[in-house]
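[1] What shape does this take:
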Amino acid sequence: MVCMYLSDNFLSGFDQPDPVVLPWVNLNFFKIDSNKLHGSLPIPPPSITSYEIQNNTLTGEISPMFCNCTSLQIFDLSNNSLSGMLPQCLGNFSDNLSFLLVGSNSFHGLLPQTYTKKSNLRVIDVSHNKMQGKIPRSLENCLMLELLHLSNNKFSDVFPFWLGNLPHLKILAMRDNGFYGVIGKPDNGNLGFPDLRILDLSYNNFAGSIPQGPQLSTFNNITSYEGNPGLCGAPLLIKCGNPKAPQPPASNGDEDDKDTGLISGLDWIFVVSGFVGGSVVGVVLSDIFVTQGMHGSSRLL
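    From the prediction side, this is the model:
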């Protein structure tokens, strides 16, 4: 067997004490999302290129055996009940891996730290977990990256200005973390971000004036910056140098509410139009915005 597509059914299983090892040694595509699966993640063979098991109720950790899957291109574990740490080997897969989607689980610890200059990563979504630490500088090597979704975690770091060097980055979401300091470069130079369409820095600990240069001038939605008591300047109503100006609340709000924020309610839909020789011919990233609880309008891709 090379392909298994069993999405959107009522399948259950994988609740054995030990992870199930899939017996098909030539399996490339394993798409079994949106079922009622529970238990541990089934272990695919090293031949796997697409592993999509999102929208189930799977538990446990990612087995070290996944480090044998060096041909992975799509790895989607989102919307389960998985825990533990993300294997550092996932960063080593970045030459082939295009989509790393592990949002809405209970993962903790650091992001994979090593991404090579040949990285093919286009989308990283680790939102709604318990991830910690700093954003690895090696992400600067991911020149194909279009979407980085870090929201609703426990990251603590200064503003990753070096992401502005990524030529195709369209969405940067850092909402509801512990990021701090000024939004800018140490030398006060141009921030870059030539293709950025959506920015969400809300509910962190950023301080100082919001950059007013051309690179961020289009982000005039208050929701991009709200919840940072130390921030001032447009589009916020707080003028810099006026300590008596009213401050926005510092509370992060309800961490379980997944339908708030500038890009919350964003539903990543990946439509794979075809495969040739195991590589994706066309991948269309559709974004569906739920405007509930938002002020103003969102910018679509």
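
[2] ok, and the closest non-adjacent residue to residue 151?
    Setting aside the residues directly before and after it, residue 151 is nearest to residue 175 in space (CB to CB, 6 or more residues apart in numbering), at 4.0 Å. (Each C-beta comes from the backbone N, C-alpha and C, glycine too.)

[3] What is the burial count for the one you found?
    When neighbours are defined as other CB atoms under 10 Å, residue 175 has 26 of them.

[4] tell me which residues form a beta bridge with the residue nearest to the spatial centre of the chain?
    Centroid-nearest residue in the chain: residue 125, 1.8 Å away (criterion: CA atoms, centre = their mean). Applying DSSP bridges to residue 125 yields these beta-bridge partners: residue 101, residue 149.

[5] so what's it up against?
    Going by CB atoms under 8 Å, 6 or more residues apart in numbering, residue 125 touches 78, 100, 101, 102, 103, 147, 149, 268.

[6] Quick check: the fourth one touching residue 131?
    Right, the one you point to is residue 102. No - in this structure residue 102 lies outside contact range of residue 131 using CB atoms under 8 Å: 9.3 Å.

[7] overlap in contacts of these two?
    By CB under 8 Å, 6+ apart, residue 102 and residue 131 have these common neighbours: residue 86.

[8] picking up where we left off before, looks to me like the residue nearest to residue 151 is in a helix.
    No - counting by DSSP: H, G, I helix; E, B strand; the rest coil, residue 175 is not part of a helix but coil.

[9] wait, it sits on residue 201?
    Yes - between residue 175 and residue 201 there is a contact under CB under 8 Å: 7.2 Å.

[10] any idea how far the residue nearest to residue 111 when sequence neighbours are not counted lies from residue 203?
    Spatial nearest neighbour of residue 111, excluding adjacent residues (CB to CB, 6+ apart): residue 136 at 5.7 Å. According to CB to CB, to the nearest Å, residue 136 and residue 203 sit 22 Å apart.

[11] The two - which one has more neighbours?
    Ranked by neighbour count (other CB under 10 Å), residue 136 and residue 203 place residue 203 first, with 27 against 17.

[12] right, and that one touches residue 176 too?
    Yes - judged on CB under 8 Å, residue 203 makes contact with residue 176 at a distance of 4.5 Å.

[13] separation between residue 102 and residue 57?
    Distance from residue 102 to residue 57, by CB to CB: 15 Å.

[14] Settle it for me: which of these two has more neighbours?
    residue 102 (24 against 14).

[15] what about the strands in the stretch 1-150 of the chain?
    Secondary structure of the stretch 1-150 of the chain (DSSP state E, counting those that start in this stretch): strands at 3-5, 29-31, 38-39, 50-52, 57-60, 74-76, 81-85, 99-101, 106-109, 123-125, 130-133, 147-149.
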